[in-house]
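Trainee: I would like to see how this sequence folds:
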Amino acid sequence: MTPAPDALSLLDSAAELADAPLLAIAERLRKAIAPYVACSALIVFTEDCTGRPQKKAGAEHIISRVTLDELDAVRSSLPDLAPRWSEEEIAGRVRPVLAVRSSTNALLVLTEPSPAGGRSAAEAIDVVVRLWHLAAVRIRDKVAEAAPSYLRESRAASAERARLTAELTDQHSTTLETMLAALRSPHQSDAAARQAAADLAAGALVRLRSSADRTAALLEEPVAKAFERLQSDLRPLQRFSGIAVQFVEPPADGRALPGEVAHAARAIVRSLVLAMVEQDDVRRIRVQWGCDGTNLLIDIRDDGEGRLSLGEDGMRRIEQRVQALDGELRIEVMASWGADVFVRLPLDAPMPPSREGAEWGLGEREEQVLGLLSGGLRNRAIAAELNVSENTVKFHLRNLFRKLGVSSRAEAIAVAAEARSGTRT
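Mentor: Next comes the predicted model:
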C-alpha cells in the first residue's frame, strides 16, 4: 500500500534531518516540525557539543539573547522525557514554550508554539517529540563522527568561552562585593533600604557563582564518569556480539577531562573497538584508561591474529580524529597474538618543547619522565614524583625508547646526556 502524502512528507523530513550537518540541524528540525507546530524560535541545548551547546533557528531577538542559565533552568525543571507546555523565562522575559528532553539529556525549546495545519495539540506534539528524539541522537552521533576541523573548532570555542566566563565572573564578583561593602557601611542613613539592597546583591552574587559552576561542569567531565559513559555505550556490543570486553577503570580522583576530549575519547574508543570486532578471530578486547595529569592515556588490546593496520581507511580516519586534538595513535601488532593500540590525548593545548624534545618529538610528560630517568630514578620513584601509576610510566618509557631510537634505560640516559653536553652528532 502506498503511504499517504503526509506520511511521505514526514519521511522526507526525517531523512533530511538525519543527513543534516551539525551547524544546520536546528534549521532542519524547525523546517521538519513546521507543518505540525509553528513557533517563533527553536533552541537546542546539548552537552554533546561542548564548543556550541546551543543550536538555534528563528527570531533573532530570541536566539541572540537566550542564555545557558535559562536553558539549564528549564531542563532541570523537567522530571522526565514527557513534553511540557509552560511559561518560562527565555531571552530575558517569560514566554509560552514547549519543552522536551531527550534520552541523551539534550533539551528542545519551542517559543510561542501553536499546533499547525488544523491538527490537534496531541497529534502535533507526538510528531515533534519523535522528530526531536531523532535529531538528538543524530547530534550525539555526528559529534562522535565529527571531522578533525570540527573538533579543533569546538575545542577553540570551549577555551574561549571558559576565558570569557572567568573574566565576567571576576568582574561582576568585584562589583557586587564592592556594592555589599558600601551598602553595609554604618554611615548609610536608611538601614532598611541598605539591608534590602544588600540581600539583593548577595543573591546576585550567589547566582553568578552558580552560573560559573554550571559552565565549568559543562566544559569538564570527571574522568571516572566519562569512562562509565563509555562502558554504557559499549554494553550493547558486549551483549549482542558475543565478544568479551574487559574494562580497566582510571583512578576515580584523576583530573577532569575537557568536554571535547571526553566526547572524542569515547568516540575514538568505540571506533577502535568496532574495528577490532570486525575481525573474525577476535574474542576478547581489553580497554584501559589512565591519566598522567596532562594526557588521557588509552590502551586497547585484542586477542586476534594481529592484522589491524593504520593503512586501513577506517583506522586512518580514527588517527585523523586523534591528531585533531594534538594527540598520538600507535599500533603494535604481533602475528597470532593480537593488536595493541595506544592513544594519547592531551588535556591542554600543547606547550612548546625544549630544543632536544622538539628534535625527538617528545611530549611534555615524556620530557619530564626523561629528566627523572636521567636523575637515576626507577619507575616507582618516577610514578610517585609525577603522581601517576607505574603502568603510566612504562607507557611513557615505551614511547621514549621508540622516539630516541634506543632499547634500554641506560641508552636513553646516555643519549640525553650527550644532547645536553652538545656532543651528540
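
Trainee: next one: phi and psi at R239?
Mentor: Taking degrees, to the nearest 10, you get phi -70, psi -40 for the backbone angles of R239.

Trainee: where's it relative to P83, distance?
Mentor: Distance from R239 to P83, counting by CB to CB, to the nearest Å: 31 Å. Using the backbone N, CA and C atoms, a C-beta is placed for each residue, glycine as well.

Trainee: now V415
Mentor: 65 Å.

Trainee: Between these two, which has more neighbouring residues?
Mentor: Remark: of V415 and P83, V415 carries more neighbours, 19 against 16, as counted by other CB atoms under 10 Å.

Trainee: tell me the pLDDT at the more buried one?
Mentor: V415 carries a pLDDT value of 83.

Trainee: Show me which residues of the helix or strand where P96 lies are buried.
Mentor: Using DSSP states H and E, P96 sits within strand 93-101. Buried residues in strand 93-101, defined by neighbour count with 16 or more other CB atoms under 10 Å: R95, P96, V97, L98, A99, V100, R101.

Trainee: The very next helix or strand once past that strand pairs with which strands, parallel or anti?
Mentor: Downstream of strand 93-101, the first helix or strand assigned by DSSP H and E is strand 107-111. Strand pairing for strand 107-111, determined by DSSP bridges: strand 41-45 (antiparallel), strand 93-101 (antiparallel).

Trainee: Helices of the stretch 301-425 of the chain, start to end?
Mentor: 313-324, 355-360, 364-374, 379-386, 390-404, 409-421 (DSSP state H, counting those that start in this stretch).

Trainee: Contacts for the fourth one next, please.
Mentor: Spelled out, that is helix 379-386. Here helix 379-386 makes contact (CB atoms under 8 Å, 6 or more residues apart in numbering) with 292-293, 365, 368-369, 372-373, 377, 389-390, 392-394, 397.

Trainee: Can you tell me which of those residues are buried?
Mentor: D292, R365, Q368, V369, L372, L373, L377, S389, T392, V393, L397.

Trainee: phi, psi of A335?
Mentor: The phi/psi pair for A335 (degrees, to the nearest 10) is phi -50, psi 130.

Trainee: which residues touch it?
Mentor: Taking CB under 8 Å, 6+ apart, one finds E305, G306 in contact with A335.

Trainee: And it, how far from G306?
Mentor: Distance from A335 to G306, by CB to CB: 5 Å.

Trainee: got it, and V100?
Mentor: Counting by CB to CB - V100 and G306 are separated by 48 Å.

Trainee: can you list the helices of the stretch 301-425 of the chain in JSON lines and add distance to P346?
Mentor: Shown next, in JSON lines, are the helices of the stretch 301-425 of the chain (distance: least, CB to CB, whole Å):
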{"stretch": "helix 313-324", "distance to P346": "10"}
{"stretch": "helix 355-360", "distance to P346": "14"}
{"stretch": "helix 364-374", "distance to P346": "8"}
{"stretch": "helix 379-386", "distance to P346": "15"}
{"stretch": "helix 390-404", "distance to P346": "13"}
{"stretch": "helix 409-421", "distance to P346": "22"}
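
Trainee: looking at those helices, which is buried most?
Mentor: helix 364-374 (a mean of 20; mean count of other CB atoms under 10 Å).

Trainee: contacting residues around that helix?
Mentor: By CB under 8 Å, 6+ apart, helix 364-374 touches 292-295, 350-351, 353-354, 357, 362, 381-382, 385-386, 393, 396-397, 399-400, 403, 409, 412-413, 416-417.

Trainee: Quick one: mean pLDDT for that helix?
Mentor: pLDDT averaged over helix 364-374 gives 83.

Trainee: low-scoring stretches of the protein, by residue?
Mentor: 1-7, 49-51, 144-190, 192-193, 196-197, 200, 203-219, 349-358, 387, 420-425 (pLDDT under 70).

Trainee: For it, which segments count as strands?
Mentor: Using DSSP state E, the strands assigned to the chain run over residues 37-38, 41-45, 54-58, 84-90, 93-101, 107-111, 114-115, 220-221, 244-248, 257-258, 284-291, 295-302, 328-334, 338-346.

Trainee: Paired strands for the first one, with orientation please.
Mentor: The reference is to strand 37-38. Going by DSSP bridges, the partners of strand 37-38 are strand 114-115 (antiparallel).

Trainee: Tell me which residues are up against the strand it pairs with.
Mentor: Y36, V37, A38, C39, A121, E123, A124.

Trainee: at 6 Å what do you get?
Mentor: A38, A121, A124 (CB atoms under 6 Å, 6 or more residues apart in numbering).

Trainee: just stretch 52-64 next, same as before
Mentor: 25-27, 30, 40-46, 91, 111.

Trainee: what distance separates the start and the end of that stretch?
Mentor: Taking CA to CA, to the nearest Å as the measure, stretch 52-64 stretches 13 Å from start to finish.

Trainee: and that stretch, which residues are buried?
Mentor: R52, P53, Q54, K55, K56, A57, G58, I62, I63.

Trainee: Same check on stretch 116-136?
Mentor: Buried residues in stretch 116-136 (16+ other CB under 10 Å): R119, A124, I125, V127, V128, V129, L131, W132, H133, L134, A135, A136.

Trainee: Now do E88 against A99, distance only.
Mentor: 7 Å.

Trainee: Which residues are in contact with each of the two?
Mentor: Common neighbours of E88 and A99 (CB under 6 Å, 6+ apart) are V74.

Trainee: OK, contacts around Q279?
Mentor: Applying CB under 6 Å, 6+ apart, the residues contacting Q279 are G304.
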